[in-house]
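Colleague: just the structure for this:
(2 chains)
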Number of protein chains: 2
Amino acid sequence: MKGLTETQIIRVLTNEFASQPGLPLGFNDDVSAIPFSSKSWIIVKTDMLVGSTDVPPGMTVQEAARKAVVATVSDFAAKGVRPRALMVSLGLQAPARKTTVQAIARGLRQAAREYQCKIIGGDTNQADDLVIDIIGVGFANPKTLVRRIGARPGDIIAVTGPFGKTSAGLRLLMSRREKDRVKYPFLVQAVRRPKARLAEGIVLAKSRAATSSTDSSDGLAWSLHQIAQSSKVGINLHTIPVAPEVETFAKEYRLSALDLALYGGEEYELVVTIKPERFHDLKKRVPSLARIGIVEKKPLGVVAHLAGKRVQVKAQGWEHFT
Amino acid sequence: MKGLTETQIIRVLTNEFASQPGLPLGFNDDVSAIPFSSKSWIIVKTDMLVGSTDVPPGMTVQEAARKAVVATVSDFAAKGVRPRALMVSLGLQAPARKTTVQAIARGLRQAAREYQCKIIGGDTNQADDLVIDIIGVGFANPKTLVRRIGARPGDIIAVTGPFGKTSAGLRLLMSRREKDRVKYPFLVQAVRRPKARLAEGIVLAKSRAATSSTDSSDGLAWSLHQIAQSSKVGINLHTIPVAPEVETFAKEYRLSALDLALYGGEEYELVVTIKPERFHDLKKRVPSLARIGIVEKKPLGVVAHLAGKRVQVKAQGWEHFT
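Modeller: Below you'll find the predicted structure:
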């Protein structure tokens, strides 16, 4: 029997809930918001890591727990908001071994330290699958929070780093050949020890030069389409930011480096649009920032012009249930 | 191999995190808090429902989704705080059927309407088990929030309703005999359509007459022990509040009605301690409030004196991984 895809599930759910008034960010942004005062919103995000689908072979439980936090922090990073507190809801398979619980605790604590947020509570349950649901809570001034909506024609499209590392790394982890993993440690590490661009996101938001932003946890192509759709603009890329090791890897395995970079996922870079007159200045403060294209008025999706050829970028990405 | 119990897992986790300073409610209360200003805390709670362990036969997916919200709202009720917003993290088995997703959405919306809170966002994942993690967010004045700590010798122990319904109802749902379920609809409904005592909890907190409070989701005995331990007092009961239908059910099935009432779980009544001079007045405003005992100075656990006999109430309750 054919089931719903993740996108279809989300559509069924949001159709049911979206009629509620007073949701300042709607259902389609990286985080949710609760207005507290005119100057302050409570920002909340929940991101669930599931053992059977999100933890590849070769990733330890400690790494999985750390990564669960990174995924939630990354959404805060995209909005330029610092998460203050984390809640942890766990589902553990029985019997629950002490070493497993300790490894989870270590991974969570490690990530909390990296991003300077406190673990303030949680819930523990028995389940048939490993489940680590991380809830982040923070405060934001609605004026500095960077939304998905807001990109304007002429804005520069930029990313905080190169892409394709996690889709290549995931292939290496799924492969049986140990020596391939040894050859590309940087790609394997991208999956096992991802980093959220929190510091960069906060600088971008404070600068007020970013007009829209999202993280790339569902892949670069998907993120670009999200910004294009939310802001009702088109996106024209002059380059696809492929990581150098991904080029090498793709050549060796006869894969398309562009596809690895565009249609991967769980790659926690930020995809932002920036006021053109501010890019040069901002680049000094966020050195990893790379210009990859421009926002266009006509909402004709996402297009790339590479070596004189026009390439349509598909609205595809990391999706569960496929 | 013998694994850790839920209590042991929580101990491992809190040992790892409890060294963090500045947790106003610690790890042992019904909810977590983030100080926002001197007059306002952000209150957060996460409660995960898991299909394989929390959804008995005969409970529909819609009922399970509604119950997941009730479990989170109940913790807010115990603190006298209204949850303003809910986040929903879902784990769904593949293939995900549209009717299942719609039933979940209906259950969530129904509960959100009952407790007047908004669903503001969430996350969807593929998993080997049904997972519905409900996160509640609210605001509280730290002065009116009722903690687990705070019970004083001489305070009256009271509950918002009778007990044993869910442990009896669960037995009926697990039984193969359809006619037993028809005979005790009230007990079956207690499991399938539980209610959180939010209105009662808010009145209790506003009155400033409640000195401590917790919900009874892990059972009456466990809740009493939590209050006794947190407040460093003893508890002396003069009655065990058994629901009348539970008495009848227990007689028919030759079970101990007292055990059903004491050691059940997922029964969302409130267990509170109340300043003795205020009880009479408060009872008028919360008619379901029933006096069951008194707080004593000596921290000798929880004891009941029933028909002249002294009964030690064990620190036992609903626990996963057992």
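Colleague: which residue, other than its chain neighbours, is closest to the residue of the stretch 51-200 of chain A found nearest chain B?
Modeller: Relative to chain B, the nearest point of the stretch 51-200 of chain A is A:Pro95 (2.4 Å; CB to the nearest CB). C-beta: built from backbone N, CA, C; applies to glycine. If you skip the residues right next to it in sequence, A:Pro95 has B:Gly3 as its closest partner in space, 2.4 Å away by CB to CB, 6 or more residues apart in numbering or on different chains.
Colleague: all helices for the stretch 101-250 of chain A, in order.
Modeller: Assigned by DSSP state H, counting those that start in this stretch, the stretch 101-250 of chain A shows helices spanning A:165-174, A:178-183, A:185-192, A:198-207, A:220-231, A:244-253.
Colleague: next, the buried residues of stretch A:81-101.
Modeller: Neighbour counts using 16 or more other CB atoms under 10 Å in any protein chain shown place A:81-94, A:96-97, A:100-101 of stretch A:81-101 among the buried residues.
Colleague: that one spans what distance, first to last residue?
Modeller: Distance across stretch A:81-101, first residue to last, is 30 Å (CA to CA, to the nearest Å).
Colleague: now do the same for the closest residue to A:Ala111 other than its chain neighbours: helix, strand or coil?
Modeller: Spatial nearest neighbour of A:Ala111, excluding adjacent residues (CB to CB, 6+ apart): A:Val69 at 3.4 Å. Each residue gets one of three states, and A:Val69 gets helix by DSSP: H, G, I helix; E, B strand; the rest coil.
Colleague: run a quick neighbour tally on A:Val69.
Modeller: A count of nearby residues for A:Val69, using other CB atoms under 10 Å in any protein chain shown, gives 28.
Colleague: who's in contact with it?
Modeller: The neighbours of A:Val69, taking CB atoms under 8 Å, 6 or more residues apart in numbering or on different chains as the test, are A:86, A:107-108, A:111-112, A:115, A:134.
Colleague: go on, A:Gly22?
Modeller: A:35, B:118.
Colleague: and if you look at the one 5 residues further on?
Modeller: For A:Phe27, the residues meeting the contact criterion (CB under 8 Å, 6+ apart) are A:14, A:17-18, B:121.
Colleague: quick one: least confident of these?
Modeller: When it comes to pLDDT, A:Ala18 is the least confident member of those, at 73.
Colleague: secondary structure class for the residue nearest to that residue when sequence neighbours are not counted?
Modeller: The shortest distance from A:Ala18 to any non-neighbouring residue, by CB to CB, 6+ apart, is to A:Phe27 (5.7 Å). Following three-state DSSP, we place A:Phe27 in the coil state.
Colleague: pull up the residues of the stretch 51-200 of chain A that are close to chain B.
Modeller: For the stretch 51-200 of chain A, the residues in contact with chain B (CB under 8 Å from any CB of the partner chain) are A:52-54, A:84-85, A:87-92, A:94-98, A:101-102, A:104-106, A:108-109, A:118-129, A:131, A:133, A:135, A:137, A:139.
Colleague: pLDDT and distance to B:Thr144 for the contacts of A:Val69 - can I get that in TSV?
Modeller: Rendered in TSV, the data for the contacts of A:Val69 read as follows (pLDDT from 0 to 100; distance: CB to CB, whole Å):
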residue	pLDDT	distance to B:Thr144
A:Leu86	97	26
A:Gly107	97	37
A:Leu108	97	32
A:Ala111	97	34
A:Ala112	96	30
A:Tyr115	98	32
A:Ile134	98	30
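Colleague: most neighbours of all those, which one?
Modeller: When neighbours are counted by other CB under 10 Å, A:Ile134 leads those with 31 neighbours.
Colleague: show me what contacts that residue?
Modeller: For A:Ile134, the residues meeting the contact criterion (CB under 8 Å, 6+ apart) are A:46-49, A:68-69, A:71-72, A:86-88.
Colleague: same check on A:Asp128?
Modeller: Contact analysis of A:Asp128 by CB under 8 Å, 6+ apart lists A:93, B:50, B:52, B:128-129.
Colleague: find the closest residue to chain B in the stretch 201-322 of chain A.
Modeller: Chain B sits closest to A:His320 of the stretch 201-322 of chain A, with a gap of 4.0 Å, by CB to the nearest CB.
Colleague: name the nearest residue to that residue, sequence neighbours excluded.
Modeller: Excluding its sequence neighbours, the residue lying closest to A:His320 (CB to CB, 6+ apart) is B:Gln126, at 4.0 Å.
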